[in-house]
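**Q** got a sequence here, can you build the structure:
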Amino acid sequence: MERRENQTPQGVYPSGAFERRRYMNVVVQRVCHPQLRNYILATISGLLPFLQKGVVERVAVIFFNADNVPLEKFVFKLPMNLSYSSAMEEVDLESSLRSFLIKLSISESLTKELPPGIKCKFCHAV
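**A** Got it, this is the predicted structure:
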């Protein structure tokens, strides 16, 4: 996907790919583009068995330039307390999810626009 003038502030996605919504009393960006939505769903679905087993320590989202040099990296640490098993309280889960959404929305202001001529590609690995 090439950078265009009408892209989101981060310069990765074209405008209209996301819409602002409120979820759990936090403003979030919801994906609108069907192919991107399917990609994200497939990525998360692929991670789900590993998350359920408790073997995922962190998830990294890395943006590379055309020469495969990392431009930006976000690491989400997923500390799992296996002593809770499946008995995690709903209120604790909601609190953790809300904290995650707040951190994610704050990270948007830390990102820089991609320089002109930079191409962006997406892949995921487990």
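
**Q** can you name the element that comes right after the longest helix seen in the chain?
**A** Across the chain, the helix with the greatest residue count (assigned by DSSP state H) is helix 34-53. Going down the chain from helix 34-53, the next helix or strand is strand 58-64, by DSSP states H and E.

**Q** on that earlier part again, and the longest helix of the chain with strand 58-64, angle?
**A** Here helix 34-53 runs at an angle of 150 degrees relative to strand 58-64 (axes from the mean of the first three to the mean of the last three C-alpha atoms, to 10 degrees).

**Q** what are the buried residues along helix 34-53?
**A** Within helix 34-53, the residues scored as buried using 16 or more other C-beta atoms under 10 Å are 36, 43. Using the backbone N, CA and C atoms, a C-beta is placed for each residue, glycine as well.

**Q** do stretch 54-70 as well
**A** Residues of stretch 54-70 classed as buried: 56, 59, 63-65 (neighbour count, 16+ other C-beta under 10 Å).

**Q** got the end-to-end distance for it?
**A** End-to-end distance of stretch 54-70 (C-alpha to C-alpha, to the nearest Å): 28 Å.

**Q** pull the longest helix of the chain out as PDB, backbone CA atoms only.
**A** Extracted C-alpha coordinates of helix 34-53, given in PDB (Å, rounded to 0.1, in the frame of the first residue of the first chain):
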ATOM      1  CA  PRO A  34     -13.400  -5.400   4.600                       C
ATOM      2  CA  GLN A  35     -10.000  -6.800   3.500                       C
ATOM      3  CA  LEU A  36      -8.200  -5.200   6.400                       C
ATOM      4  CA  ARG A  37     -11.000  -6.400   8.800                       C
ATOM      5  CA  ASN A  38     -10.600  -9.900   7.500                       C
ATOM      6  CA  TYR A  39      -6.800  -9.700   7.800                       C
ATOM      7  CA  ILE A  40      -7.000  -8.600  11.400                       C
ATOM      8  CA  LEU A  41      -9.600 -11.200  12.200                       C
ATOM      9  CA  ALA A  42      -7.400 -14.000  10.600                       C
ATOM     10  CA  THR A  43      -4.400 -12.700  12.600                       C
ATOM     11  CA  ILE A  44      -6.200 -12.700  15.900                       C
ATOM     12  CA  SER A  45      -7.800 -16.000  15.200                       C
ATOM     13  CA  GLY A  46      -4.400 -17.500  14.400                       C
ATOM     14  CA  LEU A  47      -3.100 -16.300  17.800                       C
ATOM     15  CA  LEU A  48      -6.100 -17.500  19.700                       C
ATOM     16  CA  PRO A  49      -5.000 -21.200  20.300                       C
ATOM     17  CA  PHE A  50      -1.600 -19.900  21.600                       C
ATOM     18  CA  LEU A  51      -3.300 -17.300  23.800                       C
ATOM     19  CA  GLN A  52      -5.600 -20.000  25.200                       C
ATOM     20  CA  LYS A  53      -2.600 -22.200  26.100                       C
END
